[in-house]
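*Asks:* Could you work out the structure for the sequence below:
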Amino acid sequence: MDNGAGDQLAALIARAAHASGSLVHFVDGELLRIYGGHGLLVPWAQVGDTLLQDSLAGLIVADGQPLIINDLATDPRVPASSPVRRLGLTGAYLGQPIRDGSGAVLGICCALETQPREWSADDVAAVGDAARLGTLLITEQQGRQEVDRQRRFLDAVLDNLHDGVTACDADGRIVLVNARMQRLWGGPRMTAGLSDNAAAARPTDGNGKPNATGNTATTEPTDRNNQPTTTSNTTTTEPTDRNNQPTTTTKEPSGRDGRSVGNGDAALTDGDGQPVASGDVALFRALRGERLRNEELVFQGRGRRTRYYLIDAQPILGPGGETVGAVQAVQDVTRQRRAERFRTCELAVVTALAAAPTVEAAGPRVLEAVVGTLGWTHAELWLVDDAAGVVRSAASWHSPSWQADIEVPAELPYGTGLAGRSWQAGKPLWIRDVGRPQSLISPETAASSQLHTALAIPVRNGLEPLGVLTAFAETIEDPEDELVALMSGISAQIAQFIERRLVEDLQRQLIRTKNEYLALIGHELRTPLTSIAAYTELLRDADAETLVADGPRLLEVIDRNSTQLRHIINELLELSALDTGHAAVQLTPINLVEVIRESVTRTRDAVTGEPVSIVDELPAELVLPGDRRRLRQVVDNLLGNAVKYSPDGGRITVRLRTVGRAAELAVSDTGIGVSQEEREKMFTGLYRTSRARDRAIPGTGLGLTLSRAVVQRHHGSIELSEHEGPGTTVLVRLPLDAR
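*Replies:* Numbers count the residues shown, from 1 in each chain. This is a model prediction of the structure:
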């Protein structure tokens, strides 16, 4: 009972007992509390709460009988420690117990006089009647308190559920939205505008008439006491919080024409991807009598991450079996669905890598799996060219539905762009919006691609950088550890694939090298040895006259074959020392232009009178860390091959330039050339092209193998690059910085 009701009851007691004042007390454990009063003098008002054992009310509680005192000053029943004695109060007292349904004393109703008086039987009966009225008020108050307690208990349970709960009444008005539901639909609103379809959703009888619903054309949200909230009169229903204030979500369109619930490009769909009309939302289907279990619902749209939900819904039945409302429970299963997609993505990546011969071939399928799993738009795979100081585009893939232009450069220098910066940083980079300044993406590319969030993950074998995996979203996304972990796992699989392919290539090369060594012993070494042995035998059997006539020629043949044999052995020993790391490579600052110019001059002198021209395009200076003698050996080999494989003459061009943080040396000729299939084999040792063998051009095939070993010891690369027209171009890249 509140104080207003207590004061009214006290006034009733005073009038009925013809007393100057009255009090209503309630028992609270060992305390006596004042809950109402009338006509009290100041001394009585000062009494306040007191102990039962020190009060007159305590006597009533103790024996459960009325207490009648005509003179407080002389009555011995008044406790010595009571406020009456302590304050020196005088007068008369008439008290009756207030009981609950079981007869227990809950409180006291009493009439008071400031002067001694005789209480009549009517006075006693009047106060007793007031006490019984107090029992009714207390019972009602206890009922309210119990309802409030149960409501608070229910609120606490609902607000601590992992599921979002929404309930509506028979007219389709939203009457309950728990805290979890407000968080779930804080962005994508499901309940906004649902009452627009309330008429269609209401249960009907057999004649199609509304079943126990009001004749109202509009519905309004209500609070827990079924009172309208303070929103304006509207044809749509909005959920409210616990203070009956509308939630701060944005209204989304829906109508009786069955339009899907959504906003702009956003929409709700079922598990099969079919749009969900506002009248077919689970809550209203339940209001029409359906019972739903694990109903799938998907919210998807631009600017928001796709969310997945499972919904249970059922009607709420009244005592007579009529539908009085409906309730739904919504579970967010986005994380579980994402975990399933992650596993599917990892399987797709493993499958793509297992079936592909190279990472470039596997790249599109890997990136397609990444884009599909993340629900993003575009992905790229870059491979590190350490010698050139760039990352080169190996593969890219974007969603077929994406219409904007996405331009992928062929390469990015170290530290430039998203891929180059991720290589430089050696860690994942999450760019929330590439359209903002200093986002590592050029403003032109960001504007034309219409992409926003970007993620870059280094591909590494231990600490060795192998490449970079990048992905882009059309929306702005906050950093998410799960996505970074997924991409890191995929990059690790790509790194393992690259390393495995390198190992397999090395194994094939070892087998091929072993066979070629055997072939060398059987051919390249045996040929000069056979010549030496044959001509030595001729010298041994020759007479004096023959020795004088043919001896010098025979010795020249022996000397030439001995030199060739020694050259082959020296190259094999040199190659072995470089491969095993036993050959010293001293990296000191050198001017590569001087080294190349010396080799060009020597080669020009050697081909004087031959139909071969040598043209050089060299800068004034280019300094880098290198071993002068070893690099001179490489340039000599390249120029020697260019001359050797241009037997009919032609033009040899030597170019040197700086590209990024690398020096590029290109030696081109217009000779017999190398077929596409044989280009990589040229660096595997002892391999000679079919064209060279057909033309009987002498050589061991060790020159390019030795050159590759030297270049690799300089942390560079060497390859046969694309060449227009007949001939060959060998491209060497050497880093400008010490490593």
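*Asks:* Over to the residue of the chain most remote from its centre. Which of the three states is it?
*Replies:* The C-alpha centroid of the chain is most remote from Glu545, which lies 93.0 Å away (C-alpha atoms, centre = their mean). For Glu545, the assignment made with DSSP: H, G, I helix; E, B strand; the rest coil gives helix.
*Asks:* For it, give me its contacts.
*Replies:* By C-beta atoms under 8 Å, 6 or more residues apart in numbering, the contact set of Glu545 is empty. Any C-beta I mention is one placed from the backbone N, CA and C, and that applies to glycine too.
*Asks:* what pLDDT does it get?
*Replies:* According to the prediction, Glu545 has pLDDT 81.
*Asks:* And for Gly258?
*Replies:* 40.
*Asks:* Can I get the host helix or strand of Glu537 in PDB, CA atoms only?
*Replies:* Secondary structure assigned from DSSP states H and E places Glu537 in helix 526-541. C-alpha atoms of helix 526-541 as PDB (Å, rounded to 0.1, in the frame of the first residue of the first chain):
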ATOM      1  CA  ARG A 526      84.500 -39.200 -73.100                       C
ATOM      2  CA  THR A 527      84.700 -37.200 -76.400                       C
ATOM      3  CA  PRO A 528      87.900 -35.200 -75.600                       C
ATOM      4  CA  LEU A 529      89.400 -38.200 -73.700                       C
ATOM      5  CA  THR A 530      88.800 -40.300 -76.800                       C
ATOM      6  CA  SER A 531      90.500 -37.700 -79.000                       C
ATOM      7  CA  ILE A 532      93.400 -37.400 -76.700                       C
ATOM      8  CA  ALA A 533      93.900 -41.200 -76.500                       C
ATOM      9  CA  ALA A 534      93.600 -41.600 -80.300                       C
ATOM     10  CA  TYR A 535      96.100 -38.900 -81.200                       C
ATOM     11  CA  THR A 536      98.400 -40.000 -78.500                       C
ATOM     12  CA  GLU A 537      98.300 -43.500 -80.000                       C
ATOM     13  CA  LEU A 538      99.100 -42.000 -83.400                       C
ATOM     14  CA  LEU A 539     102.100 -40.200 -82.000                       C
ATOM     15  CA  ARG A 540     103.300 -43.300 -80.400                       C
ATOM     16  CA  ASP A 541     103.100 -45.400 -83.600                       C
END
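*Asks:* That helix packs against which elements?
*Replies:* Applying 3 or more C-beta pairs under 8 Å, 6 or more residues apart in numbering; DSSP states H and E, we find helix 526-541 packed against helix 544-580.
*Asks:* Quick one: low-confidence residue ranges for the stretch 1-150 of the chain.
*Replies:* 1-3, 42-48 (pLDDT under 70).
*Asks:* let's go with 90 and repeat that
*Replies:* Residues of the stretch 1-150 of the chain meeting the criterion pLDDT under 90: 1-9, 23-37, 39-58, 61-64, 80-90, 99-107, 114, 132-150.
*Asks:* the helices in it, which residues?
*Replies:* Using DSSP state H, counting those that start in this stretch, the helices of the stretch 1-150 of the chain run over residues 3-16, 42-45, 56-63, 83-87, 121-159.
*Asks:* Just send those helices back as CSV, with distance to Asp669 and mean neighbour count too.
*Replies:* Below are those laid out as CSV (distance: least, C-beta to C-beta, whole Å; neighbours: other C-beta atoms under 10 Å):
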stretch, distance to Asp669, mean neighbour count
helix 3-16, 108, 19
helix 42-45, 117, 13
helix 56-63, 119, 19
helix 83-87, 121, 16
helix 121-159, 81, 15
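*Asks:* can those go into TSV with extra columns for distance to Gln300?
*Replies:* Shown next, in TSV, are the helices of the stretch 1-150 of the chain (distance: least, C-beta to C-beta, whole Å):
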stretch	distance to Gln300
helix 3-16	55
helix 42-45	68
helix 56-63	67
helix 83-87	72
helix 121-159	28
